[in-house]
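Colleague: here is my input, please return the structure:
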Amino acid sequence: MEKTRVLIVDDHTLIRDGIRALLALATNIEVIGEASNGMEALEKVRELSPHLVLMDLAMPIMGGLEATRRIRKEFPDVKVLALTQYDDRDYIVPVIEAGARGFVSKMAAFSELSSAIHTIATGGSFLSPSAAAVLIDECQQHTTTEDEKDPYHQLTDREREVLKLVAEGYTAKEIAEMLVISVRTAESYKTSMMQKLDIHNKTDLIKFAIRRGIITL
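Modeller: Numbering: from 1, shown residues only. The predicted structure is shown next:
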């Protein structure tokens with residue numbers, strides 16, 4: 001079985017030496033070189049053709065984020081695994097967007113780092129538990145923000161019922177009978193619903209309902 005050829009990129013010699021010593025314990029990993037900044041990393045990738053780059057992010061001359069972007073653009077087959085002491089969203093999200101296949105904290109156990117390298121080298125992706133938690137929070141926050149911007153999510157359950165029935169062609173009287181409410185209340189729900197959606201005629205309301213999948217033609 002071919003060993004995974006790894007390039008270590010970090011601006012601290014002691015950290016590079018420590019990672020190299022740990023990876024020497026793995027029979028399926030071969031450290032083929034080191035670099036102390038992003039610019040040097042690019043040169044080493046061109047020269048040594050690693051399978052995977054262990055990339056620190058905060059480095060002089062060229063940081064790991066920019067180096068990751070350039071490596072993924074110039075060498076799309078080379079995988080990048082971010083290995084850094086920072087595990088907040090300001091580091092995790094940008095480096096993943098830049099093309100890194102994984103993110104591991106320098107505080108992680110060797111078994112986690114070894115597993116990350118193997119997973120990424122075989123075509124997968126890997127996130128440390130702390131990084132995964134950050135991305136989950138990011139996605140949920142983004143979804144909540146988008147929901148808050150969507151006027152449909154501002155409707156009450158009853159207003160959504162009225163929206164569907166109006167779009168299906170029912171009159172206020174018919175809606176009142178179906179929902180067991182007064183005609184005046186049905187009209188009130190309809191008015192409130194259309195104001196929240198900023199829709200001012202039935203034609204546009206029907207178009208909106210079709211786009212949202214509330215009704216079908």
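
Colleague: for the chain, name the helix or strand with the lowest mean pLDDT.
Modeller: When each helix and strand of the chain is scored by mean pLDDT, DSSP states H and E, helix 129-149 comes last, with a mean of 64.

Colleague: now for the next helix or strand after that helix, which elements pack on it?
Modeller: Counting by DSSP states H and E, the next helix or strand C-terminal to helix 129-149 is helix 157-167. Secondary-structure packing of helix 157-167 (3 or more Cβ pairs under 8 Å, 6 or more residues apart in numbering; DSSP states H and E): helix 172-179, helix 183-197, helix 202-211. C-beta here means a position set from N, CA and C on the backbone, and glycine is covered the same way.

Colleague: contacts for helix 157-167?
Modeller: Here helix 157-167 makes contact (Cβ atoms under 8 Å, 6 or more residues apart in numbering) with 152, 155, 174-175, 178-179, 186, 189-190, 192-193, 196-197, 202, 205-206, 208-210, 214-215.

Colleague: check which residues of that helix are buried.
Modeller: Neighbour counts over helix 157-167 (16 or more other Cβ atoms under 10 Å) mark Glu159, Glu161, Val162, Leu163, Leu165, Val166, Ala167 as buried.

Colleague: how about stretch 5-25?
Modeller: Buried residues in stretch 5-25, defined by neighbour count with 16+ other Cβ under 10 Å: Arg5, Val6, Leu7, Ile8, Val9, Asp10, Asp11, Arg16, Ile19, Leu23.

Colleague: now for these, which pair is the farthest apart?
Modeller: Arg5 and Asp11 (21.5 Å; Cβ to Cβ).

Colleague: walk me through the domains of this structure.
Modeller: Here the domain assignment for the chain is 4-139, 151-211, based on automatic domain parsing.

Colleague: please identify the most buried of these.
Modeller: domain 4-139 (a mean of 18; mean count of other Cβ atoms under 10 Å).

Colleague: quick revisit: of the helices and strands packed on helix 157-167, which is nearest Ser128?
Modeller: Closest approach to Ser128 among the helices and strands packed on helix 157-167 is made by helix 202-211 (40.2 Å; Cβ to Cβ).

Colleague: packing partners for that closest one?
Modeller: Packing contacts for helix 202-211, counted by 3+ Cβ pairs under 8 Å, 6+ apart, involve helix 157-167, helix 183-197.

Colleague: model confidence over the last one, on average?
Modeller: Same thing as helix 183-197. Throughout helix 183-197, pLDDT has a mean value of 92.

Colleague: who are the packing partners of that helix?
Modeller: The contact analysis (3+ Cβ pairs under 8 Å, 6+ apart) places helix 183-197 against helix 157-167, helix 172-179, helix 202-211.

Colleague: wait, which of the ones you listed is closest to Val45?
Modeller: Judging the helices and strands packed on helix 183-197 by Cβ to Cβ, what sits closest to Val45 is helix 202-211, at 46.8 Å.

Colleague: contact partners of that closest one?
Modeller: Leu163, Lys164, Val166, Ala167, Met194, Leu197, Ile199, Ile214, Ile215, Thr216, Leu217.
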